[in-house]
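# kindly generate the corresponding structure for this input.
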Amino acid sequence: MEPALSGAAPVPAEVPRPGAGYRAVSFWFDSLPEPVVARAPLSGDLEVDVAIVGGGYTGLWTAYYLKRADPSLRVAVLEREVAGFGASGRNGGWCSAFFAASWAGLAKSDGLGASTALRLAMQDTVDEVGRIAAEEGIDCHFAKGGTVDLARDEAQLARARAEIDEARALGIGPDDLSLLGAEEARALLGATQVLGATYTPHCAAIHPARLARGLADAAERRGAAIYEGTAALSIDGRRVRTPGGTVRAEVVVRATEGYTAQLPGARRTVVPVYSLMVATAPLSADVWAEIGLTRRETFTDFRRLVIYGQRTADDRLAFGGRGAPYHLGSAIRPEFDRDRRVHDGLVATLAELFPALEGVEVTHRWGGPLGLARDWHPSVGLDRSSGFAWAGGYVGDGVGTANLAGRTLRDLVLGHDSELGALCWVGHRSRPWEPEPLRYLGVNAGLWAMSTADRVERRSGRPARRAEWFERLIGR
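A predicted model of the protein is given here:
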C-alpha cells in the first residue's frame, strides 16, 4: 500500500454525514437490509451468571454458544454502541483460518503437535461459521473461495517460496497451501506484475455486519440479554460498572479487542492500530472478467504493509490496508476512521493492481481500530479464582478466531474438559506494551519500516533486511 504512505501533507479527515446514524460506520452497515435500531440500554443493577463486555464477534459468539449449551444460564452482553459497531462491522470480510502468531513460531514455543492442533481447529472454524450462519438463517453472503496471496516482485516471490517450504516442514500439504505459477495466479486474479502466488482454500468471503447483527439476533433468540448503548466504565473483579447500573456475575468476559485500552488498567494490554477500507460502486461484468475472483476469493499480496480485498456479493470491490498512524496514548476517535491521505492511497493502489479501475467511483470510505498484542499472539482464557475471562489480540484476523474464542470460552466457563480448552493459545499472556511515548514511537516506526521496505524491495527486487530485523524485534 505504498501510495498510502507517500509522505504527502495530511488532509483533513472526512466525517460521517449528519443524520446517517449507524449507516455511516462502514459500507457493511450502510448495506444492511434494514437500518440499525439500537436495543435498550441497561437501566438498573443486574445479577447474571456471565457478563460479557463487548458486543462484537467474540462477545456474541460466546453468548450464543453458552446459551446453546446451557439455556438456563443467565448471560448478558454489554455494548457501548450497537452490536457489531467495532471491527466486527468494519473489517475486510475474511472468515479465514489465519492466526496472527505464525505456525512455525507456535511449533517452536509449544511443539509441532500443539501448533498443528490449533491450525486444524482454525480450519474447522471457517466451516463452523458457515454452518451456524445457515442454521440460524443469517444471510452473511458466505462464499468459501479461499485466499490468493500474490507475489508481484522478486522479493515477494522469494517470501512466497519460503512460506511454502516452511509449510511443508510443518506438515502442511498442497491441499491446504499451494504455490501457483504466474499463469495459474493470473487465472484467479488478473492483477498487474504477477509472478506467482500462494493459495489456501481455508477462507470465506462474508458480509461482516450481516454476520454480526444476525448473530446478535440469534443469541437473543436463545435467551441472551443484549444491552446496547451501555458502556463498561470499569471491570472490578466480578462486577462491571456502567452508567445504568452495576452488573454482578460469576464470570466476566472482556471481549473489547481494539477498544481494550479504554478500560481502566488495560491501557498497555492491547494497542489499537487503525486499518482503513474503501468500496467501489458495483463493477460491470466486463471488468470482473478482467479481474477474476469468480468464486469470490479473497486476496492480498506479499508486501509487508498489509493489503486485503474481496469481491462483494453485489459485485463491488472492497479493499483495505494498514498505513494509518497509531495515535498517542492509544487514542480512539471517530475522525481517525477517515483519513483522506490513506484512503486516496488505497484507491491509487487499486488502480495500480487493476488498471481497469482507474477513475472508478468509490462510494464508501471507512476504517477503525483492531487489537494488537505486544507479541502478536492472540489469546483466550479464564482465571477461575477471579472470574475474569478474556479473548482478543487478533491483529486483524478476528472473524474466524473470534468464533473459536467463543466456543473455547463456552467450554472454559462450563468446565468442560475439551480439545478446544487444551489448545496452545488458551491461557497465553502477552507482555504489556511499553509506556508512552515509547509505544507511540515504536508502533509508528514499525509502520514506517514496513512501507519503506516495500518501496526498496519494489525497486531492487531484494529483501529489505531492515524490515526483517524489525519484525524479529517486535516478535512477529
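
# only C-alpha atoms for contact and neighbour calcs from this point on.
Noted.

# how about the contacts made by the residue positioned nearest the centre of the chain?
Nearest residue to the geometric centre of the chain (C-alpha atoms, centre = their mean): residue 396, 2.9 Å. Residues near residue 396 by C-alpha atoms under 8 Å, 6 or more residues apart in numbering: 91, 100, 370-371.

# save those residues as CSV, and put in distance to residue 243 too.
Listed next are the contacts of residue 396 as CSV, based on distance: C-alpha to C-alpha, whole Å:
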residue, distance to residue 243
91, 29
100, 35
370, 25
371, 25
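
# most neighbours, which of those residues?
The residue in the contacts of residue 396 with the most neighbours, by other C-alpha atoms under 10 Å, is residue 91 (31 neighbours).

# that one against residue 207, yeah?
No - counting by C-alpha atoms under 8 Å, residue 91 does not reach residue 207; the two are 9.1 Å apart.

# in what helix or strand does the nearest residue to residue 179 once chain neighbours are set aside lie?
Closest residue in space to residue 179, ignoring its immediate chain neighbours: residue 198 at 4.5 Å, by C-alpha to C-alpha, 6 or more residues apart in numbering. Following DSSP states H and E, one finds residue 198 within strand 196-200.

# neighbouring strands of that strand in the sheet, and parallel or not?
Partners of strand 196-200 in the sheet, by DSSP bridges, are strand 147-151 (antiparallel), strand 178-181 (antiparallel).

# phi, psi for residue 267 please.
Reported as degrees, to the nearest 10, the phi and psi values for residue 267 are phi -60, psi -30.

# swap in the one 10 residues further on?
The phi/psi pair for residue 277 (degrees, to the nearest 10) reads phi -140, psi 160.

# what about the residue nearest to it when sequence neighbours are not counted, neighbour count?
Excluding the flanking residues, the one nearest residue 277 by C-alpha to C-alpha, 6+ apart is residue 320, at 3.9 Å. Residues near residue 320, counting by other C-alpha under 10 Å, number 29.

# report the contact partners of residue 320.
Residue 320 neighbours (C-alpha under 8 Å, 6+ apart): 92, 275-278, 307-309, 346.

# need the residues you listed in CSV (columns: distance to residue 176, neighbour count and pLDDT).
Listed next are the contacts of residue 320 as CSV, based on distance: C-alpha to C-alpha, whole Å; neighbours: other C-alpha atoms under 10 Å; pLDDT from 0 to 100:
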residue, distance to residue 176, neighbour count, pLDDT
92, 22, 29, 98
275, 27, 27, 96
276, 29, 26, 97
277, 28, 28, 98
278, 30, 24, 98
307, 22, 22, 96
308, 20, 21, 98
309, 20, 24, 98
346, 30, 27, 97
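
# out of those, which is nearest to residue 75?
Using C-alpha to C-alpha, residue 92 is the member of the contacts of residue 320 that lies nearest residue 75, at 29.2 Å.

# any chance you could map the helices in this structure?
27-30, 57-69, 103-110, 112-135, 154-169, 182-188, 208-221, 285-291, 340-353, 398-414, 438-460, 465-474 (DSSP state H).
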